[in-house]
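Engineer: Please find the sequence and the predicted model below.
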Amino acid sequence: MANARPRPQVIRLTDAAAGRIKQIMAKADQPIAGVRIGVKNGGCAGMSYTMEYAAAVAPSDEVVEDKGVRILVDPKAVLFLLGTEMDFKTEKLSAGFVFTNPNQVSACGCGESVQIVPAEVDA
């Protein structure tokens with residue numbers, strides 16, 4: 001039996017994103033198991049990224065540990081997020097999480113929604 005290829009990491013965090021998530025989680029009123037990331041239909045380009053605190057890990061979550069942070073990826077979003085880098089950027093008038101996703105083919109002008117195609121995974 002041939003050795004199986006290691007599974008690719010669905011999402012990676014920059015140091016800035018990991019640091020910001022740690023800051024936010026440290027100030028939470030209740031225990032948090034991680035940050036759940038997904039995608040949902042909607043917006044002018046078709047989809048948008050979602051982020052929420054998760055009190056517990058769901059059995060179907062894809063769990064990614066990166067830079068001391070636990071990310072829980074919604075199983076319906078895995079193929080849309082495969083290879084994504086999550087960053088936290090602070091600019092003159094705004095600050096927020098930014099996703100650099102190789103599966104994103106376009107975005108709307110307001111930056112709130114994106115068009116994403118599922119990643120092609122070799123069997």
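Structural biologist: Done, it's in. Numbering: from 1, shown residues only.
Engineer: Quick one: residues contacting the residue nearest the centre of the chain.
Structural biologist: For the chain, the residue lying nearest the average C-alpha position, counting by Cα atoms, centre = their mean, turns out to be I37 (4.5 Å). Counting by Cβ atoms under 8 Å, 6 or more residues apart in numbering, I37 touches 11, 49-51, 71-74, 77, 81, 86. In short, each C-beta sits where N, CA and C put it, glycine included.
Engineer: for A17, helix, strand, or coil?
Structural biologist: helix (DSSP: H, G, I helix; E, B strand; the rest coil).
Engineer: Hmm, it is touching G96, no?
Structural biologist: No. Here A17 does not reach G96: they are 10.4 Å apart, not a contact under Cβ atoms under 8 Å.
Engineer: where do the contact lists of those two overlap?
Structural biologist: In terms of Cβ under 8 Å, 6+ apart, A17 and G96 are both contacted by the residues F88.
Engineer: which of these two has more neighbours?
Structural biologist: A17 (24 against 11; other Cβ atoms under 10 Å).
Engineer: I'd like to know how far that one sits from I71.
Structural biologist: 10 Å (Cβ to Cβ, to the nearest Å).
Engineer: can you list residues touching both of the two?
Structural biologist: Counting by Cβ under 8 Å, 6+ apart, the shared contacts of A17 and I71 are M86.
Engineer: Which parts of this structure are helices?
Structural biologist: Along the chain, counting by DSSP state H, helices occupy 15-26, 78-81.
Engineer: For stretch 54-65, the averaged confidence score.
Structural biologist: In this model, stretch 54-65 has an average pLDDT of 93.
Engineer: I should have written stretch 18-36 there, sorry.
Structural biologist: 91.
Engineer: cool, stretch 68-78 as well?
Structural biologist: Mean per-residue pLDDT for stretch 68-78: 92.
Engineer: With stretch 102-120 instead?
Structural biologist: Confidence over stretch 102-120 (mean pLDDT, whole number) is 70.
Engineer: Could you say which of the helices of the chain is packed most deeply?
Structural biologist: Across these, the average number of neighbours (mean count of other Cβ atoms under 10 Å) peaks for helix 78-81, which reaches a mean of 21.
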